[in-house]
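> Below is the sequence, then the predicted model.
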Amino acid sequence: MRNYINKLKIDGELRTVAVAVDPQYELAAVTKKSQRQNDDAVLFSQVKGTAFPVVTNLFSSRRRLCELIHAEDGNFCPAWNRLLDETASMSWDGISTSDAPADLVTGKLSNLPLIRYHEKDAGPYFTSAIFLAKDPDTKIPNLSFHRAMYVSDDELRIRLGSTHDLTDYQRRAETKNEALEVALLIGVSPALFLAASASIPLDWSELALASRISGEAIWSYPARTIDLEIPQAAQIVVEGRIRANERRPEGPFGEFLGYYVPEAKNHVVDITSVYWRKEAVFHSILCGSSEDLTLLETVTAAKIYRHLNAVLPGIIDVSCSPAFMNTTIKIRQQYEGHARQVIMAAFGADLDFNKAVFVVDEDIDITDMNEVMWAFLSRGRVDRRTMIIDEVPGFYRDPHKDHWGRLGIDATMPFGREAEFERKLVPGEADIDLNDYFK
Ligand SMILES: Cc1cc2nc3c(=O)[nH]c(=O)nc-3n(C[C@H](O)[C@H](O)[C@H](O)COP(=O)(O)O)c2cc1C
């Protein structure tokens, strides 16, 4: 991650904050304002109460994500799916064993930046922590994101989503009345970060995926107190065990949808060791910000793209921006009704998130909802191009059924009438440099 920070600095995509900032709200407030201005990463060199510098907004740009997987043409979905295909064919778990780095420093949780993000959060949270765990039966390693509430130097609390792999591992360990060993990795290489966002079958290794992304071995060393191998590229490591059959209050916390999730009884992690690489940089993620959502949107879009391409022709690209419960699909129409079939297939491609599905023609920018709505409103009747499927559950954490139902919108032009919808063009506009005119 430190190499990546240096690269962004050289490329002019890193802002540095030299004044000391308060980890209580101020750091998050500066992050939020900076994100409104641009996609630059932000490095806070002094954070009150800790010796660690803090970096944020590293992975907020779709362009940077494309670069990291060598999709320089901007087509994330096919490049990501090629990496997944290569991972599927690997029997290797992705780990290459090495000695522990010589520069490890031992400490405690409260040495780390204890950042409070939102007014009503129950406490400080670690929001970029990647949980490394092994499938209790197959021992295949898995990486996944779960924010963790700081309670004391000995205890963190986490909220596990019902569909996550870590939840499945924990349940299986719990049925044997066993704690699940986990390592929280904070400040990892871009390859590990991207791999952790993937939801892939349980028998594929996300460390193998990270190795495919970076093209390098994931050198790892034995953890100090648990049976896991820690990637050398992790700047900060927190080892612990998720207790079996114990839940304690966690939250409220300001979540990705922009609201607070209320306090609930959630899982408890007992901390067994905390250490870091000398000169470590702590990674902070503002939940629900572009850094949190861009990657999640992009990998969710790639999953839907994969599914659609397996069942239908003419699928060009998929985007889940601006809020990843939305899916927009770009197609080259092949027959009358094609877009409606794409909507039906998309509903089945991700049962949690694609609450609204839009289908557009290939000239539309699918990351710009203004263009998408313009296409819907200008290319045909609204009453015949809207599909509502009621009484279908959506997002798994939904006590009041607020995420039930599906909305499908065919925003394509009528099949066979393309000539009538030719977009008007002002010749020469693309080549105009306004500096030649406004002097
Ligand atoms: C930057 C980032 C942060 C995330 N944070 C959380 C989180 O705090 N809690 C959560 O339930 N999911 C979070 N997610 C979503 C998923 O947990 C995540 O994609 C997960 O790693 C999927 O892994 P799995 O399929 O191995 O369970 C986050 C995703 C990203 C990309």
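Sure thing, it's come through.
> State the number of residues packed around the closest residue to residue 344 other than its chain neighbours.
Spatial nearest neighbour of residue 344, excluding adjacent residues (Cβ to Cβ, 6 or more residues apart in numbering): residue 408 at 7.6 Å. Where you see a C-beta, it was placed from the backbone N, CA and C, and this is true even at glycine. Neighbourhood size, residue 408 [other Cβ atoms under 10 Å]: 22.
> Report the secondary structure state of residue 408.
strand (DSSP: H, G, I helix; E, B strand; the rest coil).
> now do residue 245
From three-state DSSP, the assignment for residue 245 is strand.
> need the contact list for it.
By Cβ atoms under 8 Å, 6 or more residues apart in numbering, the contact set of residue 245 is 174, 177.
> separation between it and the ligand?
21 Å (Cβ to the nearest ligand atom, to the nearest Å).
> likewise residue 336?
Residue 336 is 37 Å from the ligand, by Cβ to the nearest ligand atom.
> what's the closest non-adjacent residue to that residue?
residue 415 (4.4 Å).
> How about the secondary structure of that neighbour?
coil.
> what's the burial count for it?
Residues lying near residue 415 (other Cβ under 10 Å) number 13.
> Break down this protein into its helices, ranges please.
Here the chain has its helices, by DSSP state H, at 2-10, 26-37, 62-68, 76-88, 165-175, 190-197, 206-214, 290-311, 338-349, 369-378.
> follow-up on the earlier one: who's in contact with the residue nearest to residue 344?
Here residue 408 is in contact with 340, 343-344, 346-347, 356-357, 359, 386-389 (Cβ under 8 Å, 6+ apart).
> didn't the residue nearest to residue 336 look like it was pressed against residue 333?
Yes. Contact criterion Cβ atoms under 8 Å: residue 415 and residue 333 qualify, at 5.3 Å.
> by contact count, what packs against the helix or strand of the chain with the lowest mean pLDDT?
Sorting the helices and strands of the chain by mean pLDDT, DSSP states H and E puts strand 95-97 at the bottom, at a mean of 88. Packing partners of strand 95-97 (3 or more Cβ pairs under 8 Å, 6 or more residues apart in numbering; DSSP states H and E): strand 218-222.
> Give me every residue in the stretch 101-250 of the chain lying close to the ligand.
142, 144-147, 161, 164-166, 196-197, 199 (Cβ under 6 Å from any ligand atom).
> what do you get if the cut-off is 5 Å, keeping everything else the same?
Within reach of the ligand by Cβ under 5 Å from any ligand atom, the stretch 101-250 of the chain has these residues: 144-147, 161, 164-165, 197, 199.
> Determine which two of those are furthest apart.
Using Cβ to Cβ, these span at most 17.2 Å, a distance reached by 147 and 199.
> More neighbours: which of these two?
residue 147 (22 against 14).
> for that one, what are its contacts?
Neighbours of residue 147 in contact, by Cβ under 8 Å, 6+ apart: 125-127, 129, 158-159, 253, 287.
> change it to 10 Å
117, 125-129, 156-159, 250-251, 253, 255-256, 285, 287, 292 (Cβ atoms under 10 Å, 6 or more residues apart in numbering).
> Which among these count as buried?
Buried members of the contacts of residue 147, counted by 16 or more other Cβ atoms under 10 Å: 117, 125-129, 156-159, 250-251, 253, 255-256, 285, 287, 292.
> check contacts around residue 26.
Contacts of residue 26 by Cβ under 10 Å, 6+ apart are 19-20, 44, 47-48, 115-116.
> just residue 325 next, same as before
256-257, 297, 300, 350, 352-356, 394-395, 403 are the contacts of residue 325 under Cβ under 10 Å, 6+ apart.
> Which of these ranks first by neighbour count?
residue 354 (28 neighbours).
> domain assignment for the protein?
2-290, 312-421 (automatic domain parsing).
> And the strands in the stretch 51-200 of the chain, which stretches?
54-56, 95-97, 104-106, 125-126, 130-134, 141-145, 148-152, 155-158, 180-186 (DSSP state E, counting those that start in this stretch).
> which one of those strands has the lowest average pLDDT?
Among the strands of the stretch 51-200 of the chain, strand 95-97 carries the lowest mean pLDDT, at a mean of 88.
> Mind telling me which residue is nearest the centre of this protein?
By Cα atoms, centre = their mean, the chain has its centre lying nearest to residue 296, at 3.2 Å.
> follow-up on the earlier one: what are the bridge partners for the residue nearest to residue 344, then?
residue 357, residue 387 (DSSP bridges).
> ok and the residue in the stretch 301-439 of the chain nearest the ligand?
residue 397 (8.6 Å; Cβ to the nearest ligand atom).
> In terms of pLDDT, where does that residue sit?
For residue 397, pLDDT reads 87.
> Please work out how many residues are found near it.
Using other Cβ under 10 Å, residue 397 is surrounded by 13 other residues.
> Run a quick check on it versus residue 251, I expect a contact.
No. Using Cβ atoms under 10 Å as the test, residue 397 is too far from residue 251 to be in contact (11.4 Å).
> Between those two, which contacts overlap?
Common contacts of residue 397 and residue 251, defined by Cβ under 10 Å, 6+ apart, comprise 159, 261, 264.
> Angles on the backbone of the first one, please.
Going back to what we said before, that points to residue 159. phi -110, psi 110 (degrees, to the nearest 10).
> That one and residue 248 touch, don't they?
No. Residue 159 is beyond contact range of residue 248, at 11.4 Å (criterion: Cβ under 10 Å).
> Quickly list what's touching both of these two.
149, 264-267.
> and those, which of them are in strands?
149, 264-267 (DSSP state E).
> For residue 50, give me its contacts.
23, 110-115, 282.
> Most neighbours among those, please name it.
Of the contacts of residue 50, with other Cβ under 10 Å as the count, residue 115 tops at 28 neighbours.
> For residue 228, see how far away that residue is.
Counting by Cβ to Cβ, to the nearest Å, the separation of residue 115 from residue 228 is 25 Å.
> pLDDT below threshold where in the stretch 151-300 of the chain?
In the predicted model, the stretch 151-300 of the chain carries no residue with pLDDT under 70.
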